[in-house]
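*Asks:* I would like the atomic coordinates for the input below:
(one chain, ligands or ions: 2)
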Amino acid sequence: MAKTLIFGGAFDPPHIEHVAMCRAAMKELDIDRLVIVPTYLPPHKSAGMLSVETRAKLIAAAFEDMRPVVDFIERERGGNNYSALVLPILKEKYGDIIYLVGGDSLQHLSTWYKPEEVLKICPIAVCGREGYEDVKETAQRAQSEYGGRIIPLEYMGRDVSSSMLRARLLLGEEPDTLPKAVLDIIENEGLFEQYFPMIEKLREYQTDELFEHSKAVVKRAVDFNSKHDLKQPFEKVFLAALLHDNAKQRPALDGLSVPKDAVGTPVLHQFLGAEKARRDFGVTDDDILDAIRYHTTAKADMTGLEKLIYTADSLSDDRMYAPIPELRRLAIEDFEAGFKATLKFTYDKLLSRGKGIYPLTVEAYEYYIIQGKK
Ligand SMILES: [Fe+2]
Ligand SMILES: [Fe+2]
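*Replies:* Ligands and ions are numbered 1, 2, ... in the order given. Predicted coordinates:
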């Protein structure tokens, strides 16, 4: 009987690791037909940046030699697209199916909607990824907990992040982790170009070095957000990080409202940055503006986005001096610990310089370090 591999995901955009993983699964499991199911408002992620139709076009190009069927079942259903609900319909449609997932996704099996139901419907094939725990062990554990059949693949995937790809495309880079055919469509159709005018404007306000720093902060923030599953909306992370230093090299107050005690100090640019992001870049989202507004001083009781931008700015990859690389490694391991260690390091450094510490930073130190709050 013909065997069909079901592979679902946002594919926003599809990348070389999706393709490699599928190719390996088809070979190892002797699959006859590949069905790709692009998510429609996935339950664990925010909506994709590209429409499902555009993603389908990119999928067809990326997987071309495997002649995939792109199934729009999720769009047809509109919502409630949990595997436990969608797979029975796909089984009806395609017969003997195997459901392919990444190893990290299997590690979160307990958070799926009715995982034991999923495993009653069809076997799950799972692909390991470098940097994650042993996929065979994970598979074994999940199988003994939920029953059914979980097949670990021999193929070991590389860690490629779709959100990092999006960030790089939006910054005008050409990531080498995209299939050529996908990159061609992206270029021909002008996808991911929505922020180019904003970036061009920002470049006028920044030296090359500061612009490089801004890009590095975008990437660091996007990386923390996806690695630690911080669930901050991608576009807010992107814009707050990109624009956080938009006023750093243009300190004119222009009658904008900033705290009087910040004028003439290095922290002015965060307050002015929020106001100028609104005035010059049309940003109206308060979450983004506040993340810019407190990116240097921090403050007590920060939002997730504020913490993320503060930490990514302090630990961006363009900062090579001690002890930043160690703090960065810590934050890559454990975001909360990295954030606190960064705040403590900054506070101690300011204290040793004896030039006074901005009140918001003192309050942040009290809140997070002395009182140990989250
Ligand atoms: Fe800054
Ligand atoms: Fe910065």
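
*Asks:* In terms of residue numbering, what are the domains of the protein?
*Replies:* Residue ranges for each domain of the chain read 3-164, 195-370, as given by automatic domain parsing.

*Asks:* Residue 99 sits in which helix or strand?
*Replies:* Take DSSP states H and E as the rule and residue 99 turns out to sit in strand 96-102.

*Asks:* Report the strands that pair with that strand, each with its relative direction.
*Replies:* Strands adjacent to strand 96-102 in the sheet, as given by DSSP bridges, are strand 3-9 (parallel), strand 124-129 (parallel).

*Asks:* How about stretch 279-298 and ligand 2, any contact?
*Replies:* No. For stretch 279-298 and ligand 2, the contact criterion (Cβ under 5 Å from the ion) is not met; the two come no nearer than 6.7 Å. To be clear about C-beta, it is placed using only N, CA and C from the backbone, and glycine gets the same treatment.

*Asks:* Quick check: end-to-end length of that stretch?
*Replies:* 23 Å (Cα to Cα, to the nearest Å).

*Asks:* ok, now stretch 54-69?
*Replies:* 15 Å.

*Asks:* The residue in the stretch 101-250 of the chain positioned nearest to ligand 1: neighbour count?
*Replies:* Taking Cβ to the ion as the measure, the point where the stretch 101-250 of the chain comes nearest ligand 1 is residue 245, at 4.4 Å. Here the neighbour count serves as a burial measure; for residue 245 (other Cβ atoms under 10 Å) it reads 23.

*Asks:* For it, grab phi and psi.
*Replies:* Torsion angles at residue 245 (phi, psi; degrees, to the nearest 10) stand at phi -110, psi 30.

*Asks:* So what sits opposite the closest residue to residue 91 other than its chain neighbours in the bridge?
*Replies:* Taking Cβ to Cβ, 6 or more residues apart in numbering, and ignoring the residues beside it in sequence, residue 91 has residue 97 as its nearest neighbour in space, at 5.3 Å. When bridges are taken as DSSP bridges, the partners of residue 97 come out as residue 4.

*Asks:* Most tightly packed of the strands paired with strand 96-102?
*Replies:* Using mean count of other Cβ atoms under 10 Å, the stretch among those with the largest mean neighbour count is strand 124-129, at a mean of 25.

*Asks:* ok, and what's touching the helix or strand that it is followed by?
*Replies:* Downstream of strand 124-129, the first helix or strand assigned by DSSP H and E is helix 135-146. Around helix 135-146, the neighbours that count as contacts under Cβ atoms under 8 Å, 6 or more residues apart in numbering are 103, 106-107, 109, 115-116, 118-119, 126-129, 149-153, 156.

*Asks:* Buried subset of those, written for ChimeraX?
*Replies:* Entered in ChimeraX, the line below selects the buried ones among these, by 16 or more other Cβ atoms under 10 Å:
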select :103,106,107,109,115,118,119,126,127,128,129,150,151,152,153
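
*Asks:* so which residue of the stretch 151-300 of the chain comes closest to ligand 2?
*Replies:* Scanning the stretch 151-300 of the chain for the residue nearest ligand 2 gives residue 245, at 4.3 Å (criterion: Cβ to the ion).

*Asks:* Surely that residue and residue 207 touch.
*Replies:* No. With contact defined as Cβ atoms under 8 Å, residue 245 does not count as touching residue 207 (10.6 Å).

*Asks:* Pretty sure residue 34 sits against residue 67.
*Replies:* Yes. Between residue 34 and residue 67 a contact is recorded at 7.2 Å, counting by Cβ under 8 Å.

*Asks:* and for the lowest-mean-pLDDT helix or strand in the chain, what are the contacting residues?
*Replies:* The helix or strand of the chain with the lowest confidence, counting by mean pLDDT, DSSP states H and E, is helix 103-107 at a mean of 80. Outside of helix 103-107, the residues within contact range by Cβ under 8 Å, 6+ apart are 124, 126-129, 132-133, 135, 138-139, 142, 150, 157.

*Asks:* can we see that at 6 Å?
*Replies:* Helix 103-107 has contacts (Cβ atoms under 6 Å, 6 or more residues apart in numbering) with 126, 128, 129, 132, 135, 138, 142.

*Asks:* Quick check: the farthest pair among these?
*Replies:* In those, the most distant members under the criterion Cβ to Cβ are 129 and 142, with 15.6 Å between them.

*Asks:* Show me what from the stretch 201-350 of the chain comes close to ligand 2.
*Replies:* Taking Cβ under 5 Å from the ion as the contact definition, the stretch 201-350 of the chain meets ligand 2 at 245, 313.

*Asks:* so where is the stretch 201-350 of the chain shaky, pLDDT-wise?
*Replies:* Residue ranges of the stretch 201-350 of the chain with pLDDT under 70: none are present.

*Asks:* Spell out which parts of the chain neighbour ligand 1.
*Replies:* When proximity is defined by Cβ under 5 Å from the ion, the chain lies next to ligand 1 at 245, 296.

*Asks:* centroid residue for the chain?
*Replies:* Relative to the mean C-alpha position of the chain, the nearest C-alpha, by Cα atoms, centre = their mean, is the one of residue 226, at 3.6 Å.

*Asks:* Would you mind confirming that it makes contact with residue 165?
*Replies:* No. In this structure, residue 226 is not within contact of residue 165 by Cβ atoms under 6 Å, at 10.5 Å.
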